[in-house]
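# predicted model, plus sequence, below.
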Amino acid sequence: MSDALSFEGVTFTYPDGARPALDAVDLAIDEGSFALAVGPTGSGKSTLLRAANGLVPQFTGGTFAGRVCVDGRDTLARAPRRLADVVAFVPQDPGASFVLDRVEDELAYGMENLGVDPAHMRRRVEETLDLLDLADLRDRSVRTLSGGERQRVAIGAALAAGPRILVLDEPTSQLDPQGAEDVMAALQRLVHDHGLTVLLAEHRLERVAGWVDVAIGFDRGRVRSGTPADVIGHLAAGPPVTRLGRMLGWDPPPLTVRAARAAAASATPARLRSVAPAGNGDARGSVVAEVHGLHASYGETTVLRGLDLDVHEGEVLVVMGRNGAGKSTLLRVLAGIHEPAAGHVRVLGTRPRPGVDVALCPQEADELLFNDSVEHEVRATLAARGEAGGAGPWLAALGIAGLAAHHPRDLSAGQRLLVATAAVAATEAPLLALDEPTRGLDPGSKDRLVGFVRAHAIAGRAAIVATHDVELAAAVATRVMILAGGEVIADGDPGSVLGDSRVFAPQMTRVFGPGWLTPEQVAEALT
């Protein structure tokens, strides 16, 4: 079988980079492979993906040595646009690649540039709309789409162009659980039935580990490849079922819920089922934010319908729901930056003042970063509050103190998100609102974020988190609310709400039943 992608002695350092982002990388990916790049935030995954079509170094600059070949073509010998018929790249920020306003037109745009026959274009667009469940969005403006909807459109636009190699950077990061499963199933079908080669990077390994056939582990710019069991099974932080397997000494540790259920059937004593699983606490104080009869719209599209909600001191409320359910809109209304169509919104009894009563970190966190160093991003917030304190404690709490002197643009997407989170949280607003806060975060960074959010709530404030990350919800929530069509369909303690859901249940719930949320809870009950 021939190589679809090959990297020969590739070393690359970004302009002003202190060390190589890729260090003597030798890697070959066979045609028809479904390959997954895994590793800590900032370990070089996105750099390697961008090198696959020449964006690194042709657009980034920097020092490059070695050779990258795509379907036998040297990427340095051609501009990236000259490789578009072979390789398509979907970045972490899907909206950054959009050119046209209408979804159907965006799907066709890449084919127009490649000179595809109009009759073939029409057929490919229709097939792509069906493949990724986009038919209902075909006439929508991309500006009105949710983050997850934009992500599916970006993947669709890349697929419609008919590449032989598809490269995706965190393709499920903004998708709801069912949407992520549908996209992975569609990609696997294209790999198995049509010989498409897929290379993707992803931190939410529980979503992808069971679909891929090759894994590539990254550590400080160096790589090693092997089977998913060999690479993912030995990661310090893998999917929850893998982490539990290592805690309990299962050999090999499972990668999927199905494998974990098989292992647990013979290795888990009956006493686990008789132990009441521990929760995440529910020490609620007085009301911080209240919403009554809330309606919100974008133009003629109604997003929230008659929503009622109270958020209390000490509470971490996680809001979940399908893409387009109204989660981000709710956070924007609470933050005072989206005017409701009707209803009552108060934070500590008054209309919310942006950046004062509610500290919002949106999905597009890069919009908040405008200073020349990480430290100055946080210090700017402190100065606006009249505080003379340093940024150190805020950065240390999120594990990014070592990045204080770096320019935000030199960081990975996950690192930039943590910087933005630290900067908004430094307002010490009564309500911290985070929209998809784990995009681009490795498991270690996610664990630190969980501790950070909990500490904010314990300090007499409250937090509301909109996310599709069910494992984050399992770890941090004291309360979970699920939205559908702009209305609340479930609201209660995490064990009950997540345990009663076939879509939003975390891996521990799927293996051991309702109430079991995290590997640590299960391991503690068994020891």
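Structure's in. What do you need?

# run through who's touching the lengthiest helix in the chain.
Using DSSP state H to define each element, the chain has its longest helix at helix 177-194. Residues from elsewhere that reach helix 177-194 (C-beta atoms under 8 Å, 6 or more residues apart in numbering): 32-34, 131-133, 148, 152, 155, 159, 166, 171-172, 175, 196-198, 200, 204, 207-208, 211, 322-323, 468, 470, 503-504. Heads up, the C-betas are built off the backbone N, CA and C, glycines and all.

# can you flag which of these belong to strands?
Those of the contacts of helix 177-194 mapping onto strands are 34, 166, 197-198, 200, per DSSP state E.

# in the stretch 301-450 of the chain, which spans are strands?
301-312, 316-321, 342-347, 358-361, 431-435 (DSSP state E, counting those that start in this stretch).

# ugh, wrong one, the stretch 1-150 of the chain
3-13, 22-30, 34-38, 63-70, 73-74, 87-90.

# what would these look like in JSON lines with mean neighbour count and distance to residue 420?
Formatted as JSON lines, those follow (neighbours: other C-beta atoms under 10 Å; distance: least, C-beta to C-beta, whole Å):
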{"stretch": "strand 3-13", "mean neighbour count": "19", "distance to residue 420": "26"}
{"stretch": "strand 22-30", "mean neighbour count": "18", "distance to residue 420": "26"}
{"stretch": "strand 34-38", "mean neighbour count": "24", "distance to residue 420": "24"}
{"stretch": "strand 63-70", "mean neighbour count": "18", "distance to residue 420": "29"}
{"stretch": "strand 73-74", "mean neighbour count": "13", "distance to residue 420": "38"}
{"stretch": "strand 87-90", "mean neighbour count": "23", "distance to residue 420": "22"}
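
# tell me which of the ones you listed sits nearest to residue 524.
strand 34-38 (27.0 Å; C-beta to C-beta).

# that closest one pairs with which strands?
strand 197-201 (parallel), strand 214-219 (parallel) (DSSP bridges).

# which of those sits closest to residue 341?
strand 197-201 (39.1 Å).

# read off the pLDDT value for residue 272.
For residue 272, the model assigns a pLDDT of 65.

# the one 5 residues further on too?
At residue 277 the predicted local confidence, pLDDT, stands at 64.

# kindly report the same for residue 238.
87.

# now list the buried members of the contacts of helix 177-194.
Buried members of the contacts of helix 177-194, scored by 16 or more other C-beta atoms under 10 Å, are 32-34, 131-132, 148, 152, 155, 159, 166, 171-172, 175, 196-198, 200, 204, 207-208, 211, 322-323, 468, 470, 504.

# just to revisit the earlier point, among the contacts of helix 177-194, name the ones in helices.
Per DSSP H, those map to helices at 131, 148, 152, 155, 159, 207-208, 470.

# out of these, flag the one nearest to residue 64.
For the ones in helices among the contacts of helix 177-194, the nearest to residue 64 is residue 155 (28.0 Å; C-beta to C-beta).

# report the contact partners of that closest one.
Here residue 155 is in contact with 90, 94, 132, 168, 171, 183 (C-beta under 8 Å, 6+ apart).

# please name the bridge partners of the closest residue to the first one other than its chain neighbours.
If the residues on either side of it in the chain are set aside, residue 90 comes closest to residue 168, at 4.6 Å by C-beta to C-beta, 6 or more residues apart in numbering. Taking DSSP bridges, one finds residue 90, residue 200 as the beta-bridge partners of residue 168.

# doesn't residue 196 make contact with residue 168?
No - in this structure, residue 168 is not within contact of residue 196 by C-beta atoms under 8 Å, at 11.6 Å.

# okay, and the common contacts of those two?
With C-beta under 8 Å, 6+ apart, residue 168 and residue 196 have no common neighbours.

# what's the angle from the longest helix of the chain to strand 165-169?
Counting by axes from the mean of the first three to the mean of the last three C-alpha atoms, to 10 degrees, helix 177-194 lies at 160 degrees to strand 165-169.

# now helix 177-194: mean pLDDT?
So the average pLDDT for helix 177-194 ends up being 94.

# between it and strand 316-321, how big is the angle?
50 degrees.

# and helix 177-194, C-alpha only, in CSV?
Coordinates of each C-alpha in helix 177-194 appear next as CSV, following Å, rounded to 0.1, in the frame of the first residue of the first chain:
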residue,chain,number,x,y,z
PRO,A,177,-22.4,14.0,21.3
GLN,A,178,-24.7,12.6,18.6
GLY,A,179,-23.3,15.0,16.0
ALA,A,180,-19.8,13.9,16.8
GLU,A,181,-20.8,10.2,16.5
ASP,A,182,-22.5,10.9,13.1
VAL,A,183,-19.4,12.7,11.7
MET,A,184,-17.0,10.0,12.9
ALA,A,185,-19.3,7.3,11.4
ALA,A,186,-19.5,9.2,8.1
LEU,A,187,-15.7,9.6,7.9
GLN,A,188,-15.1,5.9,8.7
ARG,A,189,-17.5,4.9,6.0
LEU,A,190,-15.6,7.1,3.5
VAL,A,191,-12.3,5.5,4.6
HIS,A,192,-13.5,1.9,4.4
ASP,A,193,-15.7,2.2,1.3
HIS,A,194,-13.9,4.8,-0.8
